[in-house]
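[1] quick one, what's the 3D model for this:
(one chain, ligands or ions: 1)
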Amino acid sequence: MDRRQFHRWARAAAWSLALAPWQEPTWAQTASERNWKTAPFQLGVASGSVRHDSVVIWTRLLVSDEDRQALAGDGLSGRYEIYADESLRRLVQRGEWRTDATRAHSVHVAVSGLLPARSYWYRFVCGDAISPVGRTQTAPSSDAEVARLRLALASCQHFEHGQYVAHRDMARQDLDLVVFVGDYIYENSNPRNRVRSHRGPEPKTLTEYRDHYAQYKSDPDLQASHAAHPWLLMWDDHEVVNDYANQTDPARTDPAVFLARRAAAYRAYFEHQPVRLGPDPASPYAASMRLHSRLHWGRLADLWTLDCRQYRDPQACPDPVRGGGRVVLQCAELSQPQRSMLGADQEQWLYAGLQRSQRQWKLLAQSTIISSTRIDSPLGKITYTDGWDGYPMARRRLIDAIGEARLNDVVTLGGDVHMNVASVLRPEPNDTHSAPVASEFVTTSISSRGMADSLLSAIKGSNPDLMHARSDERGYTLLDFNAKQATVEFRNTPHSAGTSDLLKVQARFAVESGRVGPQAA
Ligand SMILES: [Fe+2]
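    Have a look, this model is predicted:
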């Protein structure tokens, strides 16, 4: 190893330790001479957190009982390799990683020193075991003229509700990024819609969340999608528990107890995703984890991911018994001006970034739907309190921040509601006197069941801003941005119960640069 190689190795090793700071591992055995009884790379590989010179590559080794007994300690080390070509002939970087049981044998390497806007292929080696090969890609330099940005937008993949045929389709696409906006796992179970079953109970402990992720990550189509493209990740509620808000859960568990559960869920999330930062051990109960981010895509786009769960105020006017989100008719709390979906710090960070943005497209990826889905009734508007409708003043601040900065080409991207939506965002939703400031696209679920047609009809009837809204199909959304326009394609299948279902185009839209709003294409 020459000096440069050593520095590179030391930096990588420091990174992989810095990424998971909670405990020093025990280095009882190096893995170079290990002979595995059971192949350990069963959960595939993944990459993400892309920058112009760096990506995070990830894997988690599953250590069988037999292999565990053969280990003198619980530490493992191995090698990662980065290649410039798919046939793995041109090695551009290699280094060491270490892991152990305190991080569920997960491996995060922040690979640096890469060239901008390039594809790379990577794999992990441990003894006689070699991982599958993944492809990743760096972002362009922040000042580069870039011809395009091609994304897949996805969310909501209840393992029991369907097969991941959408991921298989995604893996075959030519993409720069997969943007996943939440509900990667579901903690809950519903026998009514089951095509396959969760293995364990509803996760509450670190071990249970780890086992849950291991089951989801065992799906070959999900693995293919991760191996084919880098992912940009945001979570929603089901990564912890349905309808949680900041430090409160619907069951109104003592916050100290709930925060311990949240900490376990966040830690397991980090252990299973190619993200740069783990839970912050200095935060109360080590329960905080920063996931929101902004990515420059050359001069073409700024792409924000926004955390709508960790910092929000609790849902307004909750049911005294059930807690969480609900449908309300009258609720004065909804219009309290200080209520926030993103929390004050994230709001200020976002608005300052929007005002300063020099890129053409301003893309805001967040967990749910910003457009109104309130339903008119003789007694007033029926409001579901868990989404942005439940935080109308925060929504108004967001839309005003876009309008007051006179920003063009703002597109919001969402999920959560298990339906495809194309719409516009105005300061006053559905009021044609209120000029629209942004276009919104929401993707349906990968597998989670959608709402009934009767409910969707009522929502559409009350919200003319929703140009397109369909909850009957599963899939994902392809978005292609260039200097002139964005094209958007909803790719879907009526149900995803079969592993061989194929996706078809449900609808196509375009957004022209300088003109707000989706147009049928
Ligand atoms: Fe969902």
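[2] could you pull out the strands for the stretch 1-150 of the chain?
    Secondary structure of the stretch 1-150 of the chain (DSSP state E, counting those that start in this stretch): strands located at 45-48, 55-60, 76-83, 91-99, 106-111, 119-126, 129-130, 134-137, 149-154.
[3] tell me which of these sits nearest to the ion.
    Taking Cβ to the ion, strand 149-154 is the member of the strands of the stretch 1-150 of the chain nearest to the ion, at 11.2 Å. Just so you know, the C-beta spots here come from the backbone N, C-alpha and C atoms, and that holds for glycine as well.
[4] by contact count, what packs against the helix or strand following the closest one?
    Downstream of strand 149-154, the next assigned helix or strand under DSSP states H and E is helix 165-171. Packed against helix 165-171 by the contact rule (3 or more Cβ pairs under 8 Å, 6 or more residues apart in numbering; DSSP states H and E) you find strand 149-154, helix 220-228, strand 474-481, strand 485-493.
[5] which one of these is the most hemmed in?
    strand 474-481 (a mean of 26; mean count of other Cβ atoms under 10 Å).
[6] quick one: is that strand near the ion?
    No: using Cβ under 5 Å from the ion as the criterion, no contacts between strand 474-481 and the ion are found, and the smallest distance is 11.6 Å.
[7] other SSEs contacting that strand?
    Where contact means 3+ Cβ pairs under 8 Å, 6+ apart, strand 474-481 is packed against strand 149-154, helix 165-171, strand 485-493.
[8] nearest to residue 499, of those?
    If you check each of the helices and strands packed on strand 474-481 against residue 499 by Cβ to Cβ, helix 165-171 wins as the nearest, at 6.8 Å.
[9] get me the contact residues on the stretch 151-300 of the chain for the ion.
    Taking Cβ under 5 Å from the ion, the part of the stretch 151-300 of the chain that reaches the ion is made up of 156, 183.
[10] could you rerun that using 8 Å?
    Counting by Cβ under 8 Å from the ion, the positions of the stretch 151-300 of the chain adjacent to the ion are 155, 156, 158, 182, 183, 186, 236, 237, 238.
[11] right, and the fourth one touches residue 239 too?
    Yes: with the criterion set as Cβ atoms under 8 Å, residue 182 and residue 239 qualify as a contacting pair; they are 7.1 Å apart.
[12] how about the residue in the stretch 201-350 of the chain positioned nearest to the ion, phi and psi?
    Ranking the residues of the stretch 201-350 of the chain by distance to the ion (Cβ to the ion) places residue 238 first, at 6.0 Å. Residue 238 adopts backbone torsions of phi -70, psi -10, taken as degrees, to the nearest 10.
[13] just the pLDDT at it, thanks.
    If you check residue 238, the pLDDT there is 98.
[14] ok, and what's touching stretch 262-270?
    Residues from elsewhere that reach stretch 262-270, judged by Cβ atoms under 8 Å, 6 or more residues apart in numbering: 20, 22, 104, 184, 203-206, 209-210, 212-213, 235, 239-241, 244, 247, 275, 277-279, 285-289.
[15] hey, which helix is longest across this structure?
    Ranked by residue count under DSSP state H, the longest helix found in the chain is helix 255-272.
[16] give me the mean pLDDT for that one.
    Averaged across helix 255-272, the pLDDT comes to 96.
[17] stretch 118-133 too?
    When the per-residue pLDDT values of stretch 118-133 are averaged, the result is 97.
[18] and the closest residue to residue 512 other than its chain neighbours, what does it touch?
    The shortest distance from residue 512 to any non-neighbouring residue, by Cβ to Cβ, 6 or more residues apart in numbering, is to residue 485 (5.0 Å). By Cβ under 8 Å, 6+ apart, the contact list for residue 485 reads 510, 511, 512, 513.
[19] for these, which entry has the maximal number of neighbours?
    Ranked by the number of neighbours (other Cβ atoms under 10 Å), the contacts of residue 485 place residue 511 first, at 26 neighbours.
[20] next, it: phi, psi?
    Per-residue torsions, residue 511: phi -120, psi 120 (degrees, to the nearest 10).
[21] what's the closest non-adjacent residue to it?
    Among residues not flanking residue 511 along the chain, residue 486 sits closest, at 4.4 Å (Cβ to Cβ, 6+ apart).
[22] tell me where the stretch 401-521 of the chain has helices.
    453-462 (DSSP state H, counting those that start in this stretch).
[23] which residues of it lie near the ion?
    Taking Cβ under 8 Å from the ion as the contact definition, the stretch 401-521 of the chain meets the ion at 415, 416, 417, 418, 445, 448.
[24] can you pull the pLDDT of the nearest residue to residue 357 once chain neighbours are set aside?
    Counting by Cβ to Cβ, 6+ apart, residue 357 lies nearest to residue 302, which is 4.8 Å off, once chain neighbours are set aside. Reading off the confidence values, residue 302 has pLDDT 98.
[25] strand partners (parallel or antiparallel) of the host helix or strand of residue 302?
    Assigning secondary structure by DSSP H and E places residue 302 in strand 301-305. Strand 301-305 sits in its sheet next to strand 293-297 (antiparallel), strand 361-365 (parallel), going by DSSP bridges.
[26] tell me the strands beside the next helix or strand after that strand, with direction?
    The C-terminal neighbour of strand 301-305 among helices and strands, as given by DSSP H and E, is strand 327-328. Partner strands for strand 327-328, per DSSP bridges, with pairing direction: strand 380-384 (antiparallel).
[27] do the partner strand and the ion meet?
    No: using Cβ under 8 Å from the ion, strand 380-384 stays clear of the ion, with a minimum separation of 13.5 Å.
[28] 265 is where my numbering starts, stick with that
    All set: I'll call the first residue 265, so the last point we hit is now strand 644-648.
[29] distance from that strand to the middle of the chain?
    29 Å (Cα atoms, centre = their mean, to the nearest Å).
[30] and stretch 618-633, how far apart are its ends?
    With Cα to Cα, to the nearest Å applied, stretch 618-633 spans 19 Å between its terminal residues.
[31] before we move on, the earlier item: so which of the residues of the stretch 415-564 of the chain next to the ion is the most crowded?
    Each of these was scored by neighbours using other Cβ under 10 Å; the highest score is residue 419's, at 30 neighbours.
[32] residue contacts, it?
    With contacts taken as Cβ under 8 Å, 6+ apart, residue 419 has the following neighbours: 444, 445, 446, 447, 500, 631, 678, 679, 680, 707, 709, 710.
[33] what about the second one, neighbour count?
    If I follow you right, that is residue 445. Close neighbours of residue 445, defined as other Cβ under 10 Å, add up to 27.
[34] what number of residues lie near residue 718?
    Applying other Cβ under 10 Å, we find 7 other residues in the vicinity of residue 718.
[35] brain fart, residue 785
    Burial measure for residue 785: 14 neighbouring residues, criterion other Cβ under 10 Å.
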